[in-house]
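Undergrad: Predicted model, plus sequence, below.
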Amino acid sequence: MSGVDWESLAEATSGAVGALVSTTAFYPLDTCKTKYQAEVKSEGNQKYRHLTDVLKEAIKENKVLSLYQGLTTKNLQTFISQFIYFYGYSFFKQLYLRKSGKKSIGTTANLVVGVAAGCCTVILTQPLDNASSKMQTCAFGKSKGLWSTLTEGSLGDAFDAIGISILLTTNPAIQYTVFDQLKLRLLREKNQNARSNGAVSNAVALSAFSAFMLGAISKTAATIMTYPAIRCKVMIQSATDEEKSQNKPKQPKTFLEALKAIWSKEGIPGFFKGIQAQILKTVLSSALLLMIKEKISKFTWVALMGVRQHLITNKKRAKSM
C-alpha cells in the first residue's frame with residue numbers, strides 16, 4: 001500500500017463530495033444562467049432579455065422540472081472532474097514541497113500546480129462537460145440522454161471548446177491559490193492571537209463560516225478575471241438541434257468566432273453578459289463546496305486510514321497463511 005498517496009486521495013474524495021452537493025443544490029440557477037449566456041443578441045430574435053426570462057418560460061410551459069435536465073450528467077462530470085482536480089492538485093503540491101524542501105508553497109508555484117491539475121481534468125472530462133451543456137441549452141423537455149448526446153456528433157465535436165477549457169484552468173487555479181493564501185494567513189493569525197492570550201493553539205482547519213466566506217471571495221476574483229472566456233465557451237458548447245429547427249443562426253464553433261459574434265452584435269458589454277448570475281451561482285456553489293470539503297476532510301482522512309489499516313491487516317494474514 002506504500003504506492004498510494006493517501007493524503008491526495010483524501011483531498012480528492014472530500015472535494016468531489018463537496019462538488020456533488022453544491023452542483024445539485026444550485027443546478028436550476030446554473031441551467032438558467034447557461035441558457036441565458038448561450039444566446040447571442042440579434043435583431044428581433046432575442047428570446048431571453050433577462051436571466052429571469054428563462055425561469056418564466058419554464059413556469060409558463062409547466063416544465064419547471066426541466067430546469068434539472070442533464071443533472072445526472074453534470075453530477076457525473078462534476079464528481080469525476082473535481083476528484084481528478086483535487087487529487088492532482090494535492091499530488092503536485094506535495095511533490096513540489098518534497099522536491100523543493102520548502103514547508104509551504106508560494107503563489108506562483110500554487111498557480112502552476114493548479115493549472116497542471118486543471119489540464120489533466122479537462123483532457124479526461126471535456127466530453128461530459130460538453131454533453132451537460134448541450135442538455136441544459138436544449139428546449140425544455142427535449143433533452144436527450146447522455147449516450148445519445150455524446151454520439152450525435154463526431155469525436156471532434158465531443159471535444160469542442162477544449163482549448164478554452166484549458167485556458168480556463170486558470171480559473172480554479174486562481175480560486176484555490178487565493179483560497180489557500182487567505183486560509184494560511186487566517187490560520188496563522190488565529191494561532192498567534194491564541195498564543196498571545198496564553199492559550200495553546202495549532203488550528204489546521206477553518207470554521208464552516210470562514211471557509212464559506214473565503215470560498216466566495218476567491219471564486220469572485222477568479223470569475224471576474226476569466227468571464228469573457230467562460231461566455232465564449234458556453235456559446236460553443238450550446239445545443240444545435242433547436243437552432244436548426246427554428247432557423248436560428250449557427251452557433252460559433254471556435255474561440256475567435258465566438259469573440260467576433262459577441263463583438264459585432266453586443267459590443268464590449270456582451271463579453272460580460274450574465275456575469276451577475278455567473279458570480280452568484282459559482283460563488284455560492286464554490287463556497288459551499290469548499291465549506292463541505294473543509295468540514296469532511298478530517299473524517300475522510302480517518303475513514304481512508306481505516307481502509308488502509310484493514311488492507312494492511314488482510315495482507316499480513318494472507319502472508320501468514
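TA: Right, received. Where do you want to start?

Undergrad: For the rest of this, base every contact and every neighbour count on C-alpha atoms.
TA: Will do.

Undergrad: tell me which helix or strand of the protein sits lowest on mean pLDDT?
TA: When the helices and strands of the chain are scored by mean pLDDT, DSSP states H and E, helix 241-245 comes last with a mean of 48.

Undergrad: Now do the buried residues in the very next helix or strand once past that helix.
TA: Later in the chain than helix 241-245, the nearest helix or strand by DSSP states H and E is helix 255-266. Residues 255, 258, 259, 261, 262, 266 are the ones in helix 255-266 that count as buried (16 or more other C-alpha atoms under 10 Å).

Undergrad: And for stretch 140-156?
TA: Quick answer for stretch 140-156 (16+ other C-alpha under 10 Å): 140, 141, 143, 144, 146, 149, 150.

Undergrad: what does that stretch contact?
TA: 58, 63, 66-67, 69-70, 73, 127-128, 131, 134-136, 158 (C-alpha atoms under 8 Å, 6 or more residues apart in numbering).

Undergrad: quick one: which of those residues sit in helices?
TA: 58, 73, 127, 128, 131, 134, 135, 136, 158 (DSSP state H).

Undergrad: Dihedrals phi and psi, residue 140?
TA: phi -60, psi 130 (degrees, to the nearest 10).

Undergrad: Could you measure from it over to residue 53?
TA: 13 Å (C-alpha to C-alpha, to the nearest Å).

Undergrad: mind checking which helix or strand residue 12 is in?
TA: Residue-wise, residue 12 maps onto helix 6-25 under DSSP H and E.

Undergrad: Quick check: mean pLDDT of that helix?
TA: Average pLDDT, helix 6-25: 84.

Undergrad: which element follows that helix toward the C-terminus?
TA: According to DSSP H and E, the helix or strand after helix 6-25 is helix 27-38.

Undergrad: Summarise which helices and strands that next one is packed against.
TA: Applying 3 or more C-alpha pairs under 8 Å, 6 or more residues apart in numbering; DSSP states H and E, we find helix 27-38 packed against helix 52-60, helix 107-137, helix 208-237, helix 275-320.

Undergrad: Tell me which of these sits nearest to residue 26.
TA: Residue 26 lies closest to helix 275-320 among those, at 6.7 Å (C-alpha to C-alpha).

Undergrad: Can you name every helix or strand that the helix holding residue 12 contacts?
TA: helix 71-100, helix 275-320.

Undergrad: got the angle between the first one and helix 107-137?
TA: Think helix 71-100. Angle, helix 71-100 to helix 107-137, by axes from the mean of the first three to the mean of the last three C-alpha atoms, to 10 degrees: 170 degrees.

Undergrad: residue ranges with poor pLDDT in the stretch 101-250 of the chain?
TA: Low-confidence segments of the stretch 101-250 of the chain, defined by pLDDT under 70: 198-204, 239-250.

Undergrad: what helix or strand is the closest residue to residue 111 other than its chain neighbours on?
TA: Excluding its sequence neighbours, the residue lying closest to residue 111 (C-alpha to C-alpha, 6 or more residues apart in numbering) is residue 173, at 5.3 Å. Taking DSSP H and E as the criterion, residue 173 maps to helix 170-196.

Undergrad: Going by neighbour count, which residues of that helix are buried?
TA: Those would be 170-184, 186-187, 191-192, for helix 170-196 by 16+ other C-alpha under 10 Å.
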